[in-house]
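Peer 1: return atomic coordinates for the entry below.
(one chain, ligands or ions: 1)
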Amino acid sequence: MNSLEDGRSGTRRDEQPSITFNRPFTAGNEYNYMRQAIDNLQISGDGPFTNRCHQLLEDVVGCSRALLTTSCTDALEMAALLLDIQPGDEVILPSFTFVSTANAFVLRGAKPVFIDVRPDTLNLDEKALERLITSRTKAIVPVHYAGVGCEMDAILEIASRHGVAVVEDNAHGLFGRYRGKNLGTFGQLATLSFHETKNISCGEGGALLINDLKHLELAEVFRSKGTNRNRFFRGQVDKYTWVNLGSSFLPSDLLAAFLYAQLEAREDIQRRRERLWGFYEAHLKAWSREYGVSLPVVPPHCDQAFHMFYLILPSLQDRHALIQHLLKSGISAVFHYVPLHLSDMGQRLGGFEGQCPVTEDISDRLLRLPFFNDLTESQQYAVVNALAQFDGWATKPKSARNTA
Ligand SMILES: *Cc1c(COP(=O)(O)O)cnc(C)c1O
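Peer 2: Residues are numbered from 1 along each chain as shown. Here you go, the predicted structure:
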């Protein structure tokens, strides 16, 4: 039956899907810790919970230093300041990413140089990297898409040969590993997001991870309004004054208290997400083969962070029809990213069609399934069943075309 003939086309089932794409999660101790912060009247930045979050991230991730920020966007802006990005500098980053990966550098006057992604992991194509490097290249910003590590061996080798900095946008990849080493420990700098759509969240939040300690002192200054406040509080200087550029990148300790509860629950959260991911993969494997749908590829040397589960459909028409079909079952599935090089801003910066062909193709065909910490097994069955019932394919099933 065609989706428009099922008698429900006049109802607005899509107003409030019963299985949302994302649902914020609380681990249990958020209120307790926020209450402690309030009871102790320690609610500005860099209080006790911020320090606990820093310590935990440093211990668990293994970065030299972690600094909480109000967002991953802010952490990326700090990275651009720390690398002293100047107008005309070039920064190589995937077109297939969130806008902040580019904006943080464009704000400093940099020209974003968009690199295409690999068709398997959707991470930047390291084979395309070297030919994009010029004498103006200041940084490479790999994004560990879906929490699966980029090919860091190749990227670091090329970067070091050309004297270019690497900043990992690790918004998706907290607790993921590449060849046994934690994501976020490869670049001189790395960033995390604790936005409500990420594995670990405080609503809005992030962190700058510092692996090259030459950046630490200025990072503290930039983060504290351009002052030497951190040195002053450690007793290293006798007055607290304006010493450099800066802004206010540090979150309230109330948010750090919320975040600390989630970070403490990280093993439970990651276990839940691993189970959800495994369920989708196991239940969609045969179906995906039959209809020419691709499931996420995780190379054996990558331990992924279980950030999302996506499908790559045969065509844009299939995606459109499938989204409508799922909505009729009360299921919200979404897509991303509009390729940055084809966005309004990207085109004004010189982006053009055909510049990143894999990105352009994938961006039309990718669909993300509901994926959040307390998604239930019966909800996952509902998603899988709804997918199996879809018969509005614009393209013939792959198995009918290729039975070899
Ligand atoms: C979510 C996200 C960001 C931005 O994170 P915020 O904390 O919302 O600023 C940046 N890069 C990527 C790849 C993201 O997914």
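Peer 1: residues near Glu377, how many?
Peer 2: Per other C-beta atoms under 10 Å, the neighbour tally for Glu377 reads 10. The way it works is simple: take the backbone N, C-alpha and C, and place the C-beta from them, glycine included.
Peer 1: and if you look at His283?
Peer 2: Applying other C-beta under 10 Å, we find 17 other residues in the vicinity of His283.
Peer 1: surely it forms part of a helix?
Peer 2: Yes. His283 sits within a helix when classified using DSSP: H, G, I helix; E, B strand; the rest coil.
Peer 1: all further residue positions should be reported with the first residue as 414.
Peer 2: Sure, I'll start counting at 414 from here, so that last one is His696.
Peer 1: list the contacts of it.
Peer 2: 793-794, 797 (C-beta atoms under 8 Å, 6 or more residues apart in numbering).
Peer 1: and if we set it to 7 Å?
Peer 2: Under the criterion of C-beta atoms under 7 Å, 6 or more residues apart in numbering, the neighbours of His696 are Val797.
Peer 1: and what of Thr598?
Peer 2: Counted by C-beta under 7 Å, 6+ apart, Thr598 has contacts 474-476, 624.
Peer 1: what about it, distance to Phe645?
Peer 2: Distance of Thr598 to Phe645, given as C-beta to C-beta, to the nearest Å: 30 Å.
Peer 1: same check, this time on Ile553
Peer 2: Here the criterion is C-beta to C-beta. By it, Ile553 lies 35 Å from Phe645.
Peer 1: so for these two, which sits in the more crowded spot?
Peer 2: Ile553 (28 against 15).
Peer 1: contacting residues around the more buried one?
Peer 2: Going by C-beta under 7 Å, 6+ apart, the list of residues near Ile553 reads 505, 542, 568, 572, 577, 579.
Peer 1: do Ser508 as well
Peer 2: 527, 752-754, 769, 772.
Peer 1: repeat that for Phe434.
Peer 2: If you count contacts by C-beta under 7 Å, 6+ apart, Phe434 has them with 745-747, 781, 783.
Peer 1: returning to that earlier point: quick one, which of the contacts of Thr598 are buried?
Peer 2: The neighbour count (16 or more other C-beta atoms under 10 Å) marks 474, 476, 624 as buried among the contacts of Thr598.
Peer 1: of those residues, closest to Ser661?
Peer 2: The shortest approach to Ser661 among those belongs to Cys476, at 22.5 Å (C-beta to C-beta).
Peer 1: quick check: closest non-adjacent residue to the residue of the chain positioned farthest from its centre.
Peer 2: Largest separation from the mean C-alpha position in the chain: Asp651, at 40.6 Å (C-alpha atoms, centre = their mean). Spatial nearest neighbour of Asp651, chain neighbours left out: Phe645 (7.8 Å); criterion: C-beta to C-beta, 6 or more residues apart in numbering.
Peer 1: now do the buried residues in the helix or strand harbouring that neighbour.
Peer 2: Element membership of Phe645 [criterion: DSSP states H and E] is helix 642-646. For helix 642-646, a neighbour-count test (16+ other C-beta under 10 Å) marks 642-644 as buried.
Peer 1: ok, stretch 628-647 next?
Peer 2: Within stretch 628-647, the residues scored as buried using 16+ other C-beta under 10 Å are 628, 631-637, 639-644.
Peer 1: cool, and stretch 671-678?
Peer 2: Buried positions in stretch 671-678, judged by neighbour count with 16+ other C-beta under 10 Å: 671-678.
Peer 1: closest to the ligand among those?
Peer 2: Nearest to the ligand out of these is Leu672 (C-beta to the nearest ligand atom; 11.8 Å).
Peer 1: and the residue nearest to that closest one when sequence neighbours are not counted, how far is that from Phe462?
Peer 2: Nearest residue to Leu672 in three dimensions, chain neighbours excluded: Cys615, at 3.9 Å (C-beta to C-beta, 6+ apart). With distances taken as C-beta to C-beta, Cys615 is found 10 Å from Phe462.
Peer 1: the ligand contacts on this protein?
Peer 2: 484-486, 510-511, 513-514, 556, 582, 584-585, 606, 608, 619 (C-beta under 6 Å from any ligand atom).
Peer 1: now, which of those lie within strands?
Peer 2: 582, 606, 619 (DSSP state E).
Peer 1: okay, now the closest residue in space to the first one that isn't next to it in sequence: neighbour count?
Peer 2: So that's Asp582. Take Asp582 and drop its neighbours on the chain: the residue closest to it by C-beta to C-beta, 6+ apart is Val556, 4.4 Å away. The burial count assigned to Val556 is 24, neighbours taken as other C-beta under 10 Å.
Peer 1: and Val556, what pLDDT?
Peer 2: If you check Val556, the pLDDT there is 98.
Peer 1: ok, it - contacts?
Peer 2: Counting by C-beta under 7 Å, 6+ apart, Val556 touches 507, 510, 514, 582.
Peer 1: can I get those residues in JSON lines with distance to Leu494?
Peer 2: Formatted as JSON lines, the contacts of Val556 follow (distance: C-beta to C-beta, whole Å):
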{"residue": "Pro507", "distance to Leu494": "22"}
{"residue": "Thr510", "distance to Leu494": "20"}
{"residue": "Thr514", "distance to Leu494": "16"}
{"residue": "Asp582", "distance to Leu494": "16"}
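Peer 1: show me which pair in those residues is furthest apart.
Peer 2: Maximum distance among those (C-beta to C-beta): 8.9 Å, for Pro507 and Asp582.
Peer 1: need the strands for the stretch 714-817 of the chain, in chain order.
Peer 2: Counting by DSSP state E, counting those that start in this stretch, the stretch 714-817 of the chain has strands at residues 715-716, 723-725, 779-781.
Peer 1: so which of the ones in strands among the residues of the chain next to the ligand is the most crowded?
Peer 2: Counting neighbours by other C-beta under 10 Å, Asp582 comes out on top of those with 29 neighbours.
Peer 1: tell me which residues touch that residue, please.
Peer 2: 489, 510, 514, 554, 556, 604.
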